[in-house]
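Student: Sharing a model that was predicted from the sequence below.
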Amino acid sequence: MRCKCNAEESIVKSSSIPSIRVKPELRQAAESVLQNGETLSSFVEHSLQATIEKRLAQQAFIQRGLASRDQARQSGEYFTADEVSTELESMLQAAENSNHR
């Protein structure tokens, strides 16, 4: 039995981001930081992806914070900033000590 596959069907088509108008100074600034072989389009694509990842991380951080708040309200167990800072400091020292071995 043979399977006739159409290669074009398995390729994901790309989409365009709407073009935007920017001040000439912004375009010049972007072009001035392009790395060797990098295009303005690839720079914009990379910047867009980085911003998406940053915002997703921010959303996840907020969700974890809200869940932690809800858990604290439910349990009634709260910690002072000093307690948290002390615990984080001891975790940092433990990590540094394990790296120096």
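Tutor: Noted; the coordinates are in hand.

Student: residue ranges of the helices in this protein, please?
Tutor: According to DSSP state H, the chain carries its helices in the segments 7-10, 24-32, 40-75, 81-99.

Student: Lowest mean pLDDT across the ones you listed, which one is that?
Tutor: For these, the weakest mean pLDDT is recorded on helix 7-10, namely a mean of 58.

Student: Any idea how far apart the tips of stretch 72-79 sit?
Tutor: With CA to CA, to the nearest Å as the measure, stretch 72-79 spans 9 Å from end to end.

Student: Report the buried residues of that stretch.
Tutor: Judged by neighbour count using 16 or more other CB atoms under 10 Å, stretch 72-79 contains no buried positions. Where C-beta positions appear, they are placed from N, C-alpha and C, glycine not excepted.

Student: From the chain's centroid, how far away is it?
Tutor: What separates the centre of stretch 72-79 from the centre of its chain is 30 Å, taken as CA atoms, centre = their mean, to the nearest Å.

Student: same question, stretch 20-40
Tutor: What separates the centre of stretch 20-40 from the centre of its chain is 22 Å, taken as CA atoms, centre = their mean.

Student: Dump it to CSV, restricted to CA.
Tutor: Output in CSV follows, covering the C-alpha atoms of stretch 20-40 (Å, rounded to 0.1, in the frame of the first residue of the first chain):
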residue,chain,number,x,y,z
ILE,A,20,3.4,49.9,11.2
ARG,A,21,4.5,53.5,10.8
VAL,A,22,7.3,54.6,13.0
LYS,A,23,9.3,57.8,13.3
PRO,A,24,12.5,57.8,11.2
GLU,A,25,14.6,58.0,14.4
LEU,A,26,13.1,54.8,15.7
ARG,A,27,13.8,53.0,12.5
GLN,A,28,17.4,54.3,12.5
ALA,A,29,17.9,53.3,16.1
ALA,A,30,16.7,49.7,15.2
GLU,A,31,18.9,49.5,12.2
SER,A,32,21.9,50.8,14.2
VAL,A,33,21.8,47.8,16.5
LEU,A,34,21.3,45.1,13.9
GLN,A,35,23.9,42.3,14.2
ASN,A,36,26.0,41.1,11.2
GLY,A,37,23.6,39.4,8.7
GLU,A,38,20.5,40.4,10.6
THR,A,39,17.6,42.0,8.8
LEU,A,40,15.2,44.6,10.2
